[in-house]
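Visitor: please work out how this folds:
(2 chains)
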Amino acid sequence: GDSVTQMEGPVTLSEEAFLTINCTYTATGYPSLFWYVQYPGEGLQLLLKATKADDKGSNKGFEATYRKETTSFHLEKGSVQVSDSAVYFCALSVRGSNTGKLIFGQGTTLQVKP
Amino acid sequence: EAQVTQNPRYLITVTGKKLTVTCSQNMNHEYMSWYRQDPGLGLRQIYYSMNVEVTDKGDVPEGYKVSRKEKRNFPLILESPSPNQTSLYFCASSLSRDYEQYFGPGTRLTVT
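Guide: Residues are numbered from 1 along each chain as shown, chains lettered A, B, ... in the order given. This is a model prediction of the structure:
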């Protein structure tokens, strides 16, 4: 079945460090890929998306490239801030699926220390 | 402001007492969905709706009901809540099923 695997956390970084959160997927169809972020006590916010191979999604300094050959969608940011501390979820949806559901990874907690 | 709203945000109730969690979106989205988030299990889809009067079960529908009488609203109904329904619930909407989904702020439900 379709699934998403994320690197386990927590990930602890110092401010201005480089961030990578790994995400790989398995999909029977042709997926769209997403990163969502959940700040403490809040809902999930769409961070970025990519809908086809080699697309790069970007937002707020975060980037992720849809790599079909490696079935990956790793999240990166060049210089993290304390305010980036949150839980990050990689997710996919398979176009044309009956349910339209998002399939999520387990989430990766990021802690950024000043 | 484009948003998905849920009410209540927090709810503590007792076993068997019927409750409804409301969800409303102001983006004229056709597709709406409910998820629950549990530690170690991640987010799982409960029910979804492709459009008004069109609803169907997701992965974990037992113990829940939904309705979609208007495009903007998609309430989640627990007819007889049980402790295993203690969870964090999210409503989401999108233009249609193949588009990105926008989430509400969540409802934390505790059933004692």
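Visitor: ok, now how distant is B:Y47 from chain A?
Guide: B:Y47 sits 10 Å away from chain A, going by C-beta to the nearest C-beta, to the nearest Å. No exception for glycine: its C-beta is placed from N, CA and C like everyone else's.
Visitor: interface residues of chain B facing chain A?
Guide: Within chain B, the positions adjacent to chain A are B:31, B:33, B:35, B:42-43, B:45, B:48, B:50, B:56, B:58-59, B:90, B:92, B:94, B:96-98, B:100-106 by C-beta under 8 Å from any C-beta of the partner chain.
Visitor: swap in 6 Å and give it another go.
Guide: Residues of chain B lying close to chain A by C-beta under 6 Å from any C-beta of the partner chain are B:31, B:42-43, B:45, B:48, B:97-98, B:100-101, B:103-106.
Visitor: any chance you could map the strands in chain B?
Guide: For chain B, the strands defined by DSSP state E cover B:4-7, B:10-13, B:19-25, B:31-38, B:42-51, B:54-57, B:65-66, B:76-78, B:87-94, B:102-103, B:107-111.
Visitor: can you check the pLDDT for B:Q6?
Guide: B:Q6 carries a pLDDT value of 97.
Visitor: for B:G104, same thing?
Guide: On pLDDT, B:G104 comes in at 96.
Visitor: what's the answer for B:L41, then?
Guide: For B:L41, the model assigns a pLDDT of 89.
Visitor: list the contacts for the residue in chain A that chain B sits nearest to?
Guide: Closest contact between chain A and chain B, by C-beta to the nearest C-beta, is at A:G100 (2.8 Å). Taking C-beta atoms under 6 Å, 6 or more residues apart in numbering or on different chains, we find A:G100 in contact with B:31, B:97.
Visitor: can I assume it sits in a strand?
Guide: No: counting by DSSP: H, G, I helix; E, B strand; the rest coil, A:G100 is not found in a strand; it is coil.
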